[in-house]
Every structure is written in C-alpha cells, then in structure tokens.
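fold the stuff below for me.
(one chain, ligands or ions: 2)
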Amino acid sequence: MNMNARMPQADYPSRIGLEQALEIVAACAAQHRLPVETALLAGAHGRVLAEDVRALHALPLFTNSAMDGFALRGEDLPVQGERGFDLVGEVFAGATSAPETGAGQCVRITTGAPMPPCADTVVIKENARVDGARVVVKAGEKAGANVRAAGEDYAEGELAVAAGIPLGAAQLAVLAALGVAQVEVRRRPRIAVIATGNELVPAGQPIGFGQIHESNAVMLAALAREAHANVTVERCVHDEPDALRDALLDAAADADIIVSSGGVSAGEADHLPGVLREIGDIHFHKVRLKPGMPTLFGRIGACLHFGLPGNPVASAVTFRVFVRFALRAMLGVNVVPRPGRARLAAPLHKHHARAELARCSLHTDADGVQWATLHAKQGSGMLHGLAETEALVLLPEDAREFAAGDVVTLWPE
Ligand code: AMP
Ligand code: MG
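Numbering: from 1, shown residues only. Ligands and ions are numbered 1, 2, ... in the order given. A predicted model of the protein is given here:
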C-alpha cells in the first residue's frame, strides 16, 4: 500500500531552506523545554545547569602559599647582600593552624598551606639556604610573592557557573571546589531511535540477497548518547504502515524525541510521512540541503519526531544539524557554538543550488592557516567519507563556484 499516493496536498512547509528549517525547529523545541531536576555532582556530567550557581564562599577560602618554601614578612627581605631568618616552625597543606611569624622569623611552608599570621611572602625553597635553625635569603626576592590571596579566584557571591552552561570537567571542578554537592539541571533528554527498512539486518546476523547490515540505529543511538541523552529504544522496523505506526506510538509514549531513519522520501515503501500525518503533525518535510533533502520534522503528542533520511551520511549530518540543535533549545543551552573557518584547498563546482554540508579533512599550515580538503567520496550512502570527516564545510545555497583559498564556514560541533 502506498500511503503517499493517498496524501492530499501538503499543508506544511516543504522544500524549505536550511535557515527556515532551523527556525521551525527552534520554535518547537523552545516549547519543549525539559523539566528541571536535582542531580548529585557525580551524576551531573554533560547535563545543562538550570540555575545560576554563585560562589558559596571565596576561592581560595584562605590566603595560602603558591609554592614550597619559607613564609616570612616581605618588609624583612634584604635589599642587598643576604639575610638570615630564624626558622620558627612549619606549616603543611592541611594544617589546621599556622605558627606566628614575627620580625626576622620564617616558617617552612608547602603549596596550599595557610599563610602564617603576619607573613605575606613566600621565598621558594630553591632560593633559600638552610643553615641549621637559620634560613638565608639573598637580595632580589619580591615582597608578597608566591602567595594566593583569599578570593582571588572567585569572590564570595560571584557568579560561578551560569544557567544554560553544559557541565563539563572544568565546570564540575569549579562547583566541587566551591563545595556544591548537588545542582539543578535539565532532565536528560530521552531519545528513541528507530531504523526503518525491510532490507535491514543487525550486525552479527546472517544476511540474505538484497539485505544490508543495519548501521543507522547504532550510529544514531551513539550520537544521542554522545549528546548525553538516554536512549529509550533502539530498534528496526519494517516498511509497513501498521508496524511503523505501532513503533512510533510506542516510542512516543516515553521519549522526548524520536529519531527515525529511512522511509521518508518519495519511494513506494516510504510510509513515514503518511503515518505521521495520521498520528501526529508534520512541521516541515524536505529541506534544500545536501545531504538530507528528505528530512522531516514533526511531532507525536508531546514527542518531537525527526525523520532522517536512510542514507547513512545523510542521517549523520541531519542529526548533527537538526537534532543537536533541538537538544540545545530543549536543554536551554545558552552558549552558541561558534562556527569554524577554513580555506578551501582546491576549487570546487557545486552541481546544484541547495546548501551543502560537504565532508572534509582539515590541516593547518606553517602560517597557522587552516585548509579544508573535501573527501573524494561525498556520496550520501558512503560511510568512508563520514568515518574520516573532521568537519562539515557549509557551501551556501545558490553559490556554485568556489576557488581554492576561498574562506568557508565549518558547521559548529
Ligand atoms: P531510505 O531513506 O529508506 O530510502 O534509504 C536510503 C538508503 O539508505 C537505502 O540504500 C537504504 O538501504 C539505506 N539505509 C536505510 N536505512 C539504513 C540503516 N538503518 N542502515 C544502513 N543503511 C540504511
Ligand atoms: Mg527505506
């Protein structure tokens, strides 16, 4: 049965430009902000902070030594020649108190140890000579050196990590250093992955004539996990409207996003648009983009649905362009990924008017100029180019001729 043949005239945007498609995705995704929940720091990696976190206390909390050496009063340092200081004690990192340092006295100190009262300078051990209970320091040392002042990193109350920031290793370190044990974050997105096609057989199973080993579900689920989503479903479905409908409804029940691959073009077995019209809405179908022309975007109830093309490269590229984009909006990410720039290593003729995201490798020359070399294997069914891709070069709509050295935009990560 060909559902497309029964389909009335489309009542949604079709064959739209990339920018318009992204605007539609942004508008829908903004209405599907993920709820906020509390996460322990240990489980917060890759999640997006939902509220500003301010420094609970100054960092460092107390003035401490930046080096191993001797703490003393800067005003006692010799202006010329050398001077001996009385070694009156020691303070190591973790010490709960520090000996008083009087005039002409010094205290042995290690990195991170609290500065003794009255001491304001650390002379590193390599610049001091220990002579019994005396420590001899030569002229040339600077008063106030090698000391980390309380609050010099973060002042108490200062904004430490802003809402909308994805928590990477560095942000987790800041929060931990400030003693923050749990944070308010957006719930992890739940993504259902459905590969469609009668020809698909999972790796490890024997394939017969006309069948292929499935790779999109594996890839899309991995891309979803890389985006710190929970994959709720990862399955293959035959090109049958009933099977497709059941699979989509099942998946929509407990996912925020369904990502499907295949069955979305105009072929006899491409039932997805028809089924989605029946059980949900289509927001757009077909984008003037190569690869990825047949991309469909819609929803089933509260679940967004990206119908990506079956060609593996098209699936990968459109996940990157549309699904990641939607995820950022749903998570309230407030850092805009910066597109890169490179010069084309060779001239190029684009055979069509659509925007193209071409797979390329990058190299930087001795002058620091980055060059993009397009892969020879640009076929949207060819995994080779995908596996070796370092970046996607955006060749804008309508532009056809590109010269070697032309500056091009690299699609942001
Ligand atoms: P479709 O978009 O369904 O017309 O599929 C386009 C091409 O992608 C066909 O050659 C399919 O065999 C191939 N394809 C579809 N789904 C997958 C998949 N999950 N893994 C690998 N190739 C696929
Ligand atoms: Mg198919």
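
ligand 1 contacts on the stretch 51-200 of the chain?
Contacts of the stretch 51-200 of the chain with ligand 1, taken as C-beta under 6 Å from any ligand atom, map to 195, 197, 199-200. C-beta here means a position set from N, CA and C on the backbone, and glycine is covered the same way.

which ones, among those residues, also lie beside ligand 2?
residue 197 (C-beta under 5 Å from the ion).

which one (most neighbours) among the residues of the stretch 51-200 of the chain next to ligand 1?
Highest neighbour count within those: residue 195, with 26 neighbours (other C-beta atoms under 10 Å).

who's in contact with the helix or strand hosting that one?
Assigned by DSSP states H and E, residue 195 falls within strand 190-196. Identification of contacts with strand 190-196 by C-beta atoms under 8 Å, 6 or more residues apart in numbering yields 214, 216-217, 220-221, 224, 229-239, 244, 247-248, 251-252, 254-263, 272, 303, 310, 323.

got the contact list for the residue in the chain that ligand 1 sits nearest to?
Ligand 1 sits closest to residue 310 of the chain, with a gap of 2.5 Å, by C-beta to the nearest ligand atom. Neighbour list for residue 310: 195-197, 216, 261-264 [criterion: C-beta under 8 Å, 6+ apart].

can you do 7 Å?
197, 216, 261-263 (C-beta atoms under 7 Å, 6 or more residues apart in numbering).

between the residues of the stretch 51-200 of the chain next to ligand 1, which is closest to residue 183?
residue 195 (35.3 Å; C-beta to C-beta).

any idea how many residues pack against the closest residue to the closest one other than its chain neighbours?
Closest residue in space to residue 195, ignoring its immediate chain neighbours: residue 217 at 3.9 Å, by C-beta to C-beta, 6 or more residues apart in numbering. For residue 217, the number of neighbouring residues by other C-beta under 10 Å comes to 25.

the one 10 residues further on now?
Residue 227 is surrounded by 19 other residues when neighbours are defined as other C-beta under 10 Å.

can you check the one 4 residues further on too?
Residue neighbour count, defined by other C-beta under 10 Å, stands at 19 for residue 231.

ok, it touching residue 223?
No - counting by C-beta atoms under 7 Å, residue 231 sits too far from residue 223 to count as a contact (9.8 Å).

in strands, which of the contacts of strand 190-196 appear?
Using DSSP state E, 230-237, 257-261, 303 are the members of these that sit in strands.

with distance to ligand 1 and pLDDT added, can I get these in JSON lines?
Shown next, in JSON lines, are the ones in strands among the contacts of strand 190-196 (distance: C-beta to the nearest ligand atom, whole Å; pLDDT from 0 to 100):
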{"residue": "230", "distance to ligand 1": "21", "pLDDT": "98"}
{"residue": "231", "distance to ligand 1": "15", "pLDDT": "98"}
{"residue": "232", "distance to ligand 1": "18", "pLDDT": "98"}
{"residue": "233", "distance to ligand 1": "14", "pLDDT": "98"}
{"residue": "234", "distance to ligand 1": "11", "pLDDT": "98"}
{"residue": "235", "distance to ligand 1": "11", "pLDDT": "98"}
{"residue": "236", "distance to ligand 1": "7", "pLDDT": "98"}
{"residue": "237", "distance to ligand 1": "10", "pLDDT": "98"}
{"residue": "257", "distance to ligand 1": "17", "pLDDT": "99"}
{"residue": "258", "distance to ligand 1": "14", "pLDDT": "99"}
{"residue": "259", "distance to ligand 1": "11", "pLDDT": "99"}
{"residue": "260", "distance to ligand 1": "10", "pLDDT": "98"}
{"residue": "261", "distance to ligand 1": "5", "pLDDT": "98"}
{"residue": "303", "distance to ligand 1": "20", "pLDDT": "98"}
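
now the residues you listed: which count as buried?
231-237, 257-261, 303 (16 or more other C-beta atoms under 10 Å).

farthest pair within those residues?
Among those, 236 and 303 lie farthest apart (C-beta to C-beta), at 19.3 Å.

skip the chain neighbours and tell me the closest residue to whichever residue of the stretch 101-250 of the chain sits closest to ligand 2.
As assessed by C-beta to the ion, ligand 2 sits closest to residue 197 within the stretch 101-250 of the chain, at 4.1 Å. In this structure, residue 197 finds its nearest non-sequential neighbour in residue 262, 4.8 Å apart by C-beta to C-beta, 6+ apart.

quick one, what contacts that neighbour?
195-197, 310 are the contacts of residue 262 under C-beta under 7 Å, 6+ apart.

give me the beta-bridge partners of residue 289?
Note on residue 289: beta-bridge partners by DSSP bridges are residue 355.

same question for residue 124.
residue 69.

show the contacting residues for it.
67-69, 146.

and residue 300, by the same measure?
248-249, 252, 258, 279-280.

which residues of the protein fall in helices?
Remark: helices assigned in the chain by DSSP state H are 3-6, 18-30, 169-177, 216-226, 241-253, 272-279, 312-318, 324-331, 383-387.
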